[in-house]
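Chemist: Fold the following for me, if possible:
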Amino acid sequence: MVAKETYAFLLKVVPELDLASQLVLSADVNDLAQACLGVLAVTPEGVVITVPTENLADRELVLLHLSRARIAQMLGKADKDHVQSAELIAATKKTPGTVAGRLSELCGESLAERKGKGEYRATTLGLHVFREQILPKLKSKT
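Modeler: Next up, the predicted model:
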């Protein structure tokens, strides 16, 4: 209650706060999990993809696996939110050169970021693109 009144007061004093709050892009785990119903599932082994992915472009497939790892960590089902490039190669069944090229593109577009040597994770923007562009493609196939 006090926080709400304080926020309302600040909006009157600093109207830019309202505009700034509307511009914030965040990854709410509950909304994201709800959006992923029918595409991702939690199993004792971790978060898995439950739909066919062969119709995705290579970059979409890489972003799907990066997003799956980030979502698994957000849900408390994984310790890390990043994926090794070798894991991506195995999961996507693409060549090392293809995966490296797509990771470079995704990083260049701020959809993914390098966390360490050969480790990558989906950014908040990457999760947004995953939700808005890739999930609808995957859901239309089910």
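
Chemist: Run through this protein and note the low-pLDDT ranges.
Modeler: Scanning the chain with the threshold set as pLDDT under 70 gives 1-3, 7-26, 141-142.

Chemist: Which elements pack onto the lengthiest helix in it?
Modeler: Counting residues, the longest helix found in the chain (DSSP state H) is helix 58-74. Secondary-structure packing of helix 58-74 (3 or more C-beta pairs under 8 Å, 6 or more residues apart in numbering; DSSP states H and E): helix 29-35, strand 46-49, strand 83-84, helix 85-92, helix 96-108, strand 112-116, strand 119-122, helix 124-129. Quick note: C-beta positions are derived from backbone N, CA and C, even for glycine.

Chemist: Give me the angle between the fifth one and helix 58-74.
Modeler: Relative orientation of helix 96-108 with respect to helix 58-74: 70 degrees, computed using axes from the mean of the first three to the mean of the last three C-alpha atoms, to 10 degrees.

Chemist: related to what we said a few turns ago, distance to Arg68 and mean neighbour count added to the helices and strands packed on helix 58-74, as a markdown table?
Modeler: Below are the helices and strands packed on helix 58-74 laid out as a markdown table (distance: least, C-beta to C-beta, whole Å; neighbours: other C-beta atoms under 10 Å):
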| stretch | distance to Arg68 | mean neighbour count |
| --- | --- | --- |
| helix 29-35 | 11 | 14 |
| strand 46-49 | 6 | 16 |
| strand 83-84 | 8 | 20 |
| helix 85-92 | 9 | 16 |
| helix 96-108 | 14 | 16 |
| strand 112-116 | 13 | 16 |
| strand 119-122 | 9 | 22 |
| helix 124-129 | 11 | 19 |
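
Chemist: Which among the ones you listed is found nearest to Arg59?
Modeler: Checking the helices and strands packed on helix 58-74 against Arg59 by C-beta to C-beta gives helix 96-108 as the closest, at 4.5 Å.

Chemist: Determine which residue lies closest to the centroid of the protein.
Modeler: Note on the chain: the residue nearest the mean C-alpha position is Leu127, at 2.7 Å, using C-alpha atoms, centre = their mean.
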